[in-house]
Structure formats: C-alpha cells, structure tokens
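Undergrad: need a 3D model of the following:
(chains A, B, C and D)
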Number of protein chains: 2
Amino acid sequence: MTMKTAKKSKYHHGDLRAELVRVGRVLLETETNPSLRAIARQAEVSHGAPMHHFPTWAHLLAACAADGFRELSAELLRVVGSQHAPEEELTKMSIAYLAFATRNPVVFRLMFNRNAITERTQEFLHESSAAYTILQQAIRNVEPTMSDDRFDTMINTVWALIHGMSVLELEDQLCRSADVKLGTEAFLRKGIRQLIA
Amino acid sequence: MTMKTAKKSKYHHGDLRAELVRVGRVLLETETNPSLRAIARQAEVSHGAPMHHFPTWAHLLAACAADGFRELSAELLRVVGSQHAPEEELTKMSIAYLAFATRNPVVFRLMFNRNAITERTQEFLHESSAAYTILQQAIRNVEPTMSDDRFDTMINTVWALIHGMSVLELEDQLCRSADVKLGTEAFLRKGIRQLIA
DNA sequence: ACTTAATCTTGTCACTGACTAGATTAAGAT
DNA sequence: ATCTTAATCTAGTCAGTGACAAGATTAAGT
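TA: Residues are numbered from 1 along each chain as shown, chains lettered A, B, ... in the order given. Sure, this is the predicted structure:
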C-alpha cells in the first residue's frame, strides 16, 4: 500500500525530501539557526534520515533556497498575469519582491548569500535563473527595442534598487523622517519611474 | 614590563581583543565558516581565551562587523575629503562602497545580515550609524533645502541602489550582455544621476 | 613587597554534521 | 503470490564546536 500523505506508517515517510524542505523553511523563519537535527526532529524522523535525501546539510539549505525562488517566481508570475502596463507591471513586481522578502526574511537572505549557500545545486541554479528571467522580460517590455547597453543598465539599476530596498527594509535601515508618510512601496515606485526614464 | 606588541610573552597577549578581530576578519575572508576555536588557534591562544573578551561567539562576529563599518566609514570620509561636487561625491562614495564590498565580501555580508549578527552590540550599532551619517550628509549636499519627503526618497532609493548593486556584484548576478563594455561603476553612476534628478 | 583583579589555560559538557552498519519496507521480476 | 533487490530509515559512533568552570599566571595598584 502506497500512501503519499500517510501519517501512520513509521518507516518510509512517503516524501521525506519535500517534507524536510517544508519543515526546514518553517524552522528557519521561526527558530534561530535551526540545526539539521532539529529539522529532522520536527519532521519526526531520525537524525540520520535526511542524509538519504541530501548528501549534506548545505544541500538541504540549497533546496530551501531553491524552494524560495520557486515561490518568488510564482508571485512574480501572478503580477505578469494581471496584465498591467510595463511600468506598472515592473512596480507591482518590485512590491511583490519586497513582500516576499518581508514574509520570508531568513530564506530571502539565504537565497542571496553565497557564504550560506555553499552548495550551488543544479536545482538552486535553475530556480534562481528562472526567477531572473521573469524580471528580464518585464524590463524588456518597458522598451522592446532598446540597445543592449541600455538594457543592461536598466535591469541592473532597477534590480539593484528593488533588491537593495528589500534588504534595507529587512535590516530596518530605511530612513523615516518625522511626518513622512511614504511607505517603502512609494520609494520603489518613484525610484523605478526615474530609472526607466 | 608592558609590551603592546609583544611576541615573546606567552600569557597576557597585550591586546588580544583587537588581535582576535584582526585574525577573525582575515579568516572570515579566507576560510569557509571559520570557528571561534580556529580563530583562537590562528591567534595562538587557547580555545577558552576569547571568552574573556567576548562573552559569546556572536559578540566576536559583531565586533568584526563593527570593524568593517569602521573601515567603510574611513573609505567614505576619504571621498568627502577629496572635495567633489555633490553628485560626483555621491558617485565616488558609491564606488568606494562597492570596492569595500568587493575587498571584504564576507564581512560585508555579515554587516547587513541580522541572522548572522545575533548580538547587536553597542559598538556595532555605533559604527553602523556613523557610516550611515556620512551617506546622509552626502545626500543632503545634493540639495540642501529639500523637503523631508524628498530627502527620504532620495536617500532610500540611492542607498538601495548602491547596496543592491554591491550585493548583486558579490553574488555575480549582474547582467552582462555580449559586447557591453559598461562596468559596475557605470551602472552606479547612471543610476545615481537619475535618482537625484 | 603584597594584594587584587584581570587574563589565560585546561578540562568538561551537550550538541552538531558526517559517517557506518544494520533493520525495515517498497517495488519489480518471475 | 513469492522472492529478490534496492531504497529508505534507525541507531550508534566520531571529531569538532560553543559555552562554561576551576585553577594557573601575570599585570596593576597600594
């Protein structure tokens, strides 16, 4: 008998790999520096079990980060699906990007930290570049016939703005003068408008 | 006899605290995930010695990050000292920021990662905000009479651009189309020009 | 010279990631 | 159905880690 979402069978979890990533992402955001063993405990398997799905702790981290990119891509594609004009689409994407970072601060930091992700898995690289491709297309839509120079400048400055703004928001380092009611989204909107001019 | 930079005396290093930060910053950039004990070994003291200067491993990390901010501030002040027009000063600062990140990738990531710096020491907070103040002044110089709204927008977008560009450079995620000769500095220069307009 | 406090060492503890060998079960062949 | 084989999980072990305790050594102040 094969149960995909079995709860009774002790041995052979069913899909432990996915479960470890799921539990891993939860613990990463809740506990501080969860260990491989802590994730195994939470998944109710022995401390040795994860090794059959991930040769190394770094590989599990990479899988969590890849899963983060998958989720981010889905959010960005939701924006594409809602059919906005190019500039508005880009702005909406940046807001989705920021929202993802805010909802998943730890995994977000993991996704863009070569020191934390010591194993750049095929899965990780694939999901990472998939997300990037979505952003690339959104930039291209702003001005379909632009030169390579202009394209590189626009995508790098815009993405730097979006990513930097998300990081600074997470680090609580954005400047908020008294009586200024502007939200982070407003900074993104204004910055993007200027950078794509 | 009191030796500040003694090499012979075994006990009482002289200034072990500073030495640990120095060695720590070197090992952080060279080894992958150096341990507290590895740093102690490199400094040629016992594994228990660091605890007399840093209550916790996290405190040593925070001290390394604070030292990074100190170095960054010095670099930014060098730019201020060379007397440029406001926009050029800002651009030069961004280039110095990027250069610091490139020279100290691991410490740079540490400095802006709340997950890695679990102890936000007084020293850390002080050095961090000192560096920020330098940037604030450079932004103010661009347009001394601007409104708070405009100031917040400008500093947040410009800093996001600079920081984001540095992160993406470190992560090797900047777009480089074929035949595009633009360097990262060019992207910074163009982006800043647009954001302060 | 004597006292006191700071600094360093040594030893210990629970915990971690990695590895091994063996138990359990699922899947495929006959 | 039964047998075989491979995948999956457990339990046990190991060196290395950060934290802590107790005591040795030295510097500083009187």
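Undergrad: and A:Thr157, how many neighbours?
TA: By the criterion of other C-beta atoms under 10 Å in any protein chain shown, A:Thr157 has 25 neighbours. Bear in mind the C-beta positions are built from the backbone N, C-alpha and C, glycine included.
Undergrad: contacting residues around it?
TA: By C-beta atoms under 8 Å, 6 or more residues apart in numbering or on different chains, the contact set of A:Thr157 is A:Leu195, B:Leu161, B:Met165, B:Phe187, B:Lys190, B:Gly191, B:Gln194.
Undergrad: rerun at 6 Å
TA: A:Thr157 makes contacts with A:Leu195, B:Phe187, B:Gly191, as judged by C-beta atoms under 6 Å, 6 or more residues apart in numbering or on different chains.
Undergrad: and which of these is nearest to DNA strand D?
TA: Nearest to DNA strand D, judged by C-beta to the nearest atom of the strand, of these is B:Phe187 at 37.3 Å.
Undergrad: roughly how far does the nearest residue to the closest one once chain neighbours are set aside sit from B:Ile196?
TA: Ranked by C-beta to C-beta, 6 or more residues apart in numbering or on different chains and with sequence neighbours excluded, the top spatial neighbour of B:Phe187 is A:Asn156, at 4.7 Å. Summarising the geometry, the distance separating A:Asn156 from B:Ile196, computed by C-beta to C-beta, to the nearest Å, is 18 Å.
Undergrad: state which helix of chain A is the longest.
TA: Secondary structure assigned by DSSP state H gives helix A:57-81 as the longest helix of chain A.
Undergrad: who does that helix touch, helix- and strand-wise?
TA: helix A:16-30, helix A:86-103, helix A:105-111, helix A:122-142 (3 or more C-beta pairs under 6 Å, 6 or more residues apart in numbering or on different chains; DSSP states H and E).
Undergrad: can you list the domains in chain A?
TA: A:12-53, A:63-195 (automatic domain parsing).
Undergrad: tell me which of these approaches DNA strand D most closely.
TA: Shortest separation from DNA strand D across these is recorded for domain A:12-53, at 2.7 Å, computed as C-beta to the nearest atom of the strand.
Undergrad: where's the closest one relative to the chain centroid, distance-wise?
TA: 19 Å (C-alpha atoms, centre = their mean, to the nearest Å).
Undergrad: and that domain, end to end?
TA: The first residue of domain A:12-53 is 12 Å away from its last residue (C-alpha to C-alpha, to the nearest Å).
Undergrad: any part of that domain near DNA strand D?
TA: Yes. Judged by C-beta under 7 Å from any atom of the strand, domain A:12-53 comes into contact with DNA strand D through A:His12, A:His13, A:Gly14, A:Leu16, A:Val45, A:Ser46, A:His47, A:Gly48, A:Ala49, A:His52, A:His53.
Undergrad: okay, these in CSV with distance to A:Glu169, pLDDT and secondary structure next?
TA: Rendered in CSV, the data for the residues of domain A:12-53 next to DNA strand D read as follows (distance: C-beta to C-beta, whole Å; pLDDT from 0 to 100; DSSP: H, G, I helix; E, B strand; the rest coil):
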residue, distance to A:Glu169, pLDDT, secondary structure
A:His12, 43, 74, coil
A:His13, 37, 75, coil
A:Gly14, 38, 80, coil
A:Leu16, 35, 95, helix
A:Val45, 36, 96, coil
A:Ser46, 39, 96, coil
A:His47, 36, 98, coil
A:Gly48, 39, 96, coil
A:Ala49, 37, 96, helix
A:His52, 39, 95, helix
A:His53, 34, 96, coil
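Undergrad: which one among those gets closest to B:Ala63?
TA: When the residues of domain A:12-53 next to DNA strand D are ranked by distance to B:Ala63 (C-beta to C-beta), A:His47 comes first, at 33.4 Å.
Undergrad: identify, from the contacts of A:Thr157, the entry nearest to B:Glu169.
TA: Minimum separation from B:Glu169 among the contacts of A:Thr157 (C-beta to C-beta) is found for B:Phe187, which lies at 9.4 Å.
Undergrad: which residue packs closest to the residue in chain A that chain B sits nearest to, ignoring adjacent ones?
TA: Of all residues in chain A, A:Gly164 sits closest to chain B, with a separation of 2.7 Å (C-beta to the nearest C-beta). Nearest residue to A:Gly164, sequence neighbours excluded (C-beta to C-beta, 6+ apart): B:Gly164, at 2.7 Å.
Undergrad: what strand or helix carries that neighbour?
TA: Assigned by DSSP states H and E, B:Gly164 belongs to helix B:148-170.
Undergrad: figure out how far that helix is from the centre of its chain.
TA: Distance, stretch centre to chain centre, for helix B:148-170: 15 Å (C-alpha atoms, centre = their mean).
Undergrad: deepest in the core, which of the domains of chain A is it.
TA: By mean neighbour count, with neighbours taken as mean count of other C-beta atoms under 10 Å in any protein chain shown, domain A:63-195 ranks first of the domains of chain A at a mean of 18.
Undergrad: how far out from the middle of the chain is it?
TA: Relative to its chain's centre, domain A:63-195 lies at 9 Å (C-alpha atoms, centre = their mean).
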